[in-house]
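**Student:** Here is the input, now give the coordinates:
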Amino acid sequence: MLRVCKIKRLCGVVAVAVKYQQEFLDSVVDDAKVLLESHWEEVALNKDKIKINPDWDAYYALQEQGKLKVFTARDEGVLVGYFVVFVSPHIHYKDHLFAKNDLIYLAPSHRKGFTGIKLIKFAEGCLKEDGVSVLVVNTKNHKPFHKLMEFLKFSPSETLYSKYIGD
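**Tutor:** As a prediction, the model looks like this:
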């Protein structure tokens, strides 16, 4: 099922419609590869040791199982943002579906204004329609967007620590 929402934004004196939609991997994967590289450059840790190399087969398998949801923002057809979540019952709360974000990124050219807010709110609405009880979004401490999450009525719930232990 393809869900779409168009919202106009003013760009100078011309109104431009940013289109928010839920897409399948086939329709977004080529466009996403361009943004993924920028995303990785901006937020990844241990870049000298861990290179970006998505397991597309695993993503497709999760999509086939109904456990992967991809939400996008497109400006005149150009992918400017994505919000990707994994959906499944929580092992502690089997009566509830949880959606945990895998990726969230918005091109720097679209960070002013409401594009990011609208993308998250669009995804939240779709996930609620799908029966999701809890949406969990993580942010990077070195690239936080806590104020945005608080504006959207999210509450901080955990702190995640990581350490590179490879060779």
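**Student:** contacts, neighbours, all on C-alpha from now
**Tutor:** OK.
**Student:** Now do the top helix by length along the chain: which elements does it pack against?
**Tutor:** Assignment by DSSP state H gives helix 25-43 as the longest helix of the chain. Contacts defined by 3 or more C-alpha pairs under 8 Å, 6 or more residues apart in numbering; DSSP states H and E place helix 25-43 against strand 78-90.
**Student:** Show me what the strand it packs on is packed against.
**Tutor:** If you count contacts as 3+ C-alpha pairs under 8 Å, 6+ apart, strand 78-90 packs onto helix 25-43, strand 68-75, strand 93-106, helix 115-129.
**Student:** what sits up against the shortest one?
**Tutor:** Spelled out, it's strand 68-75. Strand 68-75 is touched from outside by 16-25, 59, 62-63, 79-87, 115, 119, 123, with contacts defined as C-alpha atoms under 8 Å, 6 or more residues apart in numbering.
**Student:** hmm, which of those residues are the buried ones?
**Tutor:** By neighbour count, with 16 or more other C-alpha atoms under 10 Å, the contacts of strand 68-75 hold 17-25, 59, 63, 79-87, 115, 119, 123 as buried.
**Student:** On the three-state scheme, residue 159 is what?
**Tutor:** Secondary structure, DSSP: H, G, I helix; E, B strand; the rest coil: residue 159 is coil.
**Student:** Model confidence for the most far-flung residue of the chain relative to its centre, exactly?
**Tutor:** Distance to the chain centre peaks in the chain at residue 167, reaching 30.5 Å (criterion: C-alpha atoms, centre = their mean). The model reports residue 167 with a pLDDT of 86.
**Student:** what's the answer for residue 119, then?
**Tutor:** At residue 119, the model reports a pLDDT of 97.
**Student:** what's the distance between it and residue 89?
**Tutor:** Distance, residue 119 to residue 89, by C-alpha to C-alpha, to the nearest Å: 23 Å.
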